[in-house]
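Novice: how does the following fold in three dimensions:
(one chain, ligands or ions: 2)
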Amino acid sequence: MSLRRTYTASAVLFAFVTAFSIEANAGFVSLRATDTESQQEAGGSNFTDDRVRAYTAASGAKISNLMKFDFSLIPDAAVITSMTLTTYHEAGFGNPYQDPIVKLYRTATDSWSRANANDAWAGLNESLTGNISGFPSGSGTPFTWNLNVNAVNWATDLADDIFSLVMRNEKSTYSYVYWHGSDNQNLAPKLDIQYSMGAVPEPASLAMWGLAGSLGLVIARRRKRTMIA
Ligand SMILES: [Ca+2]
Ligand SMILES: [Ca+2]
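Specialist: Ligands and ions are numbered 1, 2, ... in the order given. Sure, this is the predicted structure:
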């Protein structure tokens with residue numbers, strides 16, 4: 001093989017390997033909620049303040065909370081492999097009060113907005129956690145929630161670029177916990193997402209890198225030989 005041919009073959013292989021390696025790489029995004037809203041499940045009243053509530057009233061009425069995340073940074077073909085939500089405690093009113101038991105859900109309803117006072121209850125779709133309790137009481141204390149990403153086919157949210165998450169107090173008796181909403185982005189709910197493109201399995205991609213390295217070595221050796229000659 002002539003030196004020029006070796007160079008060409010190496011460049012083509014390198015481009016090929018690079019393209020696939022980028023696709024095979026795991027991706028990571030950290031998103032802050034772009035909007036949050038407390039909604040009363042029955043009766044449809046919305047709250048306009050910045051408080052994230054998981055609340056069951058003494059009457060049994062529930063006020064649940066919506067959080068909106070912008071998925072436009074994640075490729076539509078991504079396979080989401082993990083999601084961790086962090087919420088920041090908003091101290092006051094003796095909360096957490098009477099050990100609320102909280103669950104996270106996905107909702108397919110994306111049309112809500114805190115700026116819109118007349119949203120109907122968004123409703124619940126897939127559940128993303130089991131029952132969670134034992135919340136912090138310190139002001140601004142972060143609390144992390146691990147979401148079961150396998151409960152959802154994410155194609156819809158990856159296509160419409162909006163993931164609406166619901167936080168709900170499952171306890172039937174008077175209890176509540178509060179968190180900061182989306183207004184202060186330093187305290188807004190944060191969603192860390194890992195994904196893969198699943199195009200090429202890691203070992204294959206590593207082997208290709210090894211091959212590219214060997215070709216590079218051949219070129220270097222040939223160069224040296226040419227210089228000596
Ligand atoms: Ca959506
Ligand atoms: Ca998208």
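Novice: how about the residues of this protein near ligand 2?
Specialist: With the criterion set to Cβ under 5 Å from the ion, the chain comes near ligand 2 through 76, 158, 161. Heads up, the C-betas are built off the backbone N, CA and C, glycines and all.
Novice: now a ChimeraX select for only the buried ones of the residues you listed.
Specialist: A single ChimeraX command is used to select the members of the residues of the chain next to ligand 2 judged buried by 16 or more other Cβ atoms under 10 Å:
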select :158
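Novice: so can I have TSV of the residues of the chain next to ligand 2 showing secondary structure and pLDDT?
Specialist: Below are the residues of the chain next to ligand 2 laid out as TSV (DSSP: H, G, I helix; E, B strand; the rest coil; pLDDT from 0 to 100):
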residue	secondary structure	pLDDT
76	coil	96
158	helix	98
161	coil	98
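Novice: which one of the residues of the chain next to ligand 2 is nearest to ligand 1?
Specialist: Closest approach to ligand 1 among these (Cβ to the ion): residue 161, at 7.5 Å.
Novice: run through who's touching stretch 50-66.
Specialist: 35-43, 47, 67, 87, 90, 100, 102, 107, 112, 122, 164-169, 171-184, 189 (Cβ atoms under 8 Å, 6 or more residues apart in numbering).
Novice: again, but for stretch 134-144
Specialist: 84-91, 95-96, 99-100, 102, 177, 179-180, 187.
Novice: can you flag the buried ones in the contacts of stretch 50-66?
Specialist: 35-41, 47, 67, 87, 90, 100, 102, 107, 112, 122, 164-169, 171, 175-182, 189.
Novice: of those residues, list those near ligand 1.
Specialist: Okay, of the buried ones among the contacts of stretch 50-66, nothing touches ligand 1 (Cβ under 5 Å from the ion).
Novice: hang on, the earlier thing: return the subset of the contacts of stretch 50-66 lying in helices.
Specialist: Within the contacts of stretch 50-66, no residue falls in helices by DSSP state H.
Novice: how about the one helix or strand residue 28 maps to, which residues are buried there?
Specialist: Using DSSP states H and E, the element containing residue 28 is strand 27-32. Buried residues in strand 27-32, defined by neighbour count with 16+ other Cβ under 10 Å: 27, 29, 31-32.
Novice: which residues touch the residue most central in space within the chain?
Specialist: Nearest to the mean C-alpha position of the chain, by Cα atoms, centre = their mean, lies residue 193 at 3.4 Å. Contact partners of residue 193, counting by Cβ under 8 Å, 6+ apart, are 28-31, 74, 80, 82-83.
Novice: pipe these into JSON lines and attach pLDDT per row.
Specialist: Below are the contacts of residue 193 laid out as JSON lines (pLDDT from 0 to 100):
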{"residue": "28", "pLDDT": "97"}
{"residue": "29", "pLDDT": "98"}
{"residue": "30", "pLDDT": "98"}
{"residue": "31", "pLDDT": "98"}
{"residue": "74", "pLDDT": "97"}
{"residue": "80", "pLDDT": "98"}
{"residue": "82", "pLDDT": "98"}
{"residue": "83", "pLDDT": "98"}
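Novice: closest one to ligand 2 out of those, please.
Specialist: Nearest to ligand 2, judged by Cβ to the ion, of those is residue 74 at 6.5 Å.
Novice: and that closest one, what does it touch?
Specialist: 27, 29, 80, 158, 193, 195.
Novice: could you find the closest non-adjacent residue to the fourth one?
Specialist: Taking Cβ to Cβ, 6 or more residues apart in numbering, and ignoring the residues beside it in sequence, residue 158 has residue 76 as its nearest neighbour in space, at 4.7 Å.
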